[in-house]
Every structure is written in structure tokens, then in C-alpha cells.
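Q: Show me the folded form of this:
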Amino acid sequence: MRRVAWLAFLFAAPCRAQGRGGDSLYPPDRLTVRPAVVAMPTFHYPPELHGHRPHGHIVVRLVLDTAGHVEPSSITILETPDSVLDAATRAFAAAVLFRPAEARGRRVRVEVDLPIDVQAPDTSNRPLPLGAVEQKPA
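A: Prediction:
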């Protein structure tokens, strides 16, 4: 079973002066409605890593557009227990859906930090391959 524990809050990230196309990123202290996670996908732990089993705390910085979607080009991994998780982390972060941030009744772009706790899947309950167990004749 693949498990991801995630924290139900977001850290406000420092804002850059200008965003894409001149749309500025709003600082957290000017928001009247903070973004919140509304849909979280399953973290797909790469099968080739099951033997290596990296796990731990990941922090991803990303920009949310005015609809609450992650701007894929903005995804930056700030902390990771192992860089082999980067591709899976980027795919996971791009698929998270947020309630949009608002400032004075208007939806705005905002930069946030998303904390993710990743654990390697438990492989001890996997069924044995066919023929792996000998059965005694009755």
C-alpha cells in the first residue's frame, strides 16, 4: 500500500516581486483568504526504489494561479531525503488542487510551501509469486 502523510497546513513563502505576465505574487500578510488543499493525489512511490526505500520530509515551493492550480514550472524542491524522489515529488505537487487565495475579494497568484511526509510502501504483505510456496500433498 502506498502511503503519504501530509500536513494540513501551508507555509507562506517569501514572495518575489513579479510573477509571469506581470501578475504579482501576493504576500501572505495581504491575503484575505489563504489557499488550502482541496484535492490531494496519491503519491506514486517509484517501484524501482522499493529496495532503496528513501523516506522522510519533503518541502516543495510552488506558485498557485488564480484558479488554485499549481503552475508546473514553479515547482521547486526545497528539502528532500533523497533526490531519487524528485520526479515523483514534482508529479505529486503538480496534481494537488488548492482553494484559490484571495486579496480584497479578488483571486490572486500566491507562492506557498507544501510540506509532504513520504514513507516507503510496506512490501511485507505482498503476495508471494506463483510457485514460491510448496504445498504438501493431501
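Q: distance of residue 43 from residue 93?
A: 10 Å (C-beta to C-beta, to the nearest Å). Yep, even glycine has a C-beta here, placed from its N, CA and C like the rest.
Q: intersection of neighbour lists for these two?
A: Common contact partners of residue 43 and residue 93 (C-beta atoms under 8 Å, 6 or more residues apart in numbering): residue 116.
Q: the helices in the protein, which residues?
A: 86-95 (DSSP state H).
Q: Apart from its neighbours in sequence, what residue is nearest the most centrally placed residue in the chain?
A: Geometric centre of the chain, nearest residue: residue 93, 3.5 Å, by C-alpha atoms, centre = their mean. Excluding its sequence neighbours, the residue lying closest to residue 93 (C-beta to C-beta, 6 or more residues apart in numbering) is residue 60, at 4.7 Å.
Q: for the one you found, what are its contacts?
A: Counting by C-beta under 8 Å, 6+ apart, residue 60 has contacts 75, 76, 77, 78, 89, 93, 113, 114, 116.
Q: just residue 85 next, same as before
A: Counted by C-beta under 8 Å, 6+ apart, residue 85 has contacts 46, 49, 54, 58, 118.
Q: and the residues you listed, which are buried?
A: 49, 54, 58, 118 (16 or more other C-beta atoms under 10 Å).
Q: Restricted to strands, list these.
A: Of the buried ones among the contacts of residue 85, the ones assigned to strands by DSSP state E are 58, 118.
Q: What are the neighbouring residues in contact with the nearest residue to residue 39 once chain neighbours are set aside?
A: Of all residues not flanking residue 39 in the chain, residue 97 sits nearest, at 3.9 Å (C-beta to C-beta, 6+ apart). Residue 97 makes contact with 37, 38, 39, 68, 69, according to C-beta under 8 Å, 6+ apart.
Q: Pick the one among those closest to residue 102.
A: Of all those, residue 102 sits closest to residue 68, with 10.5 Å by C-beta to C-beta.
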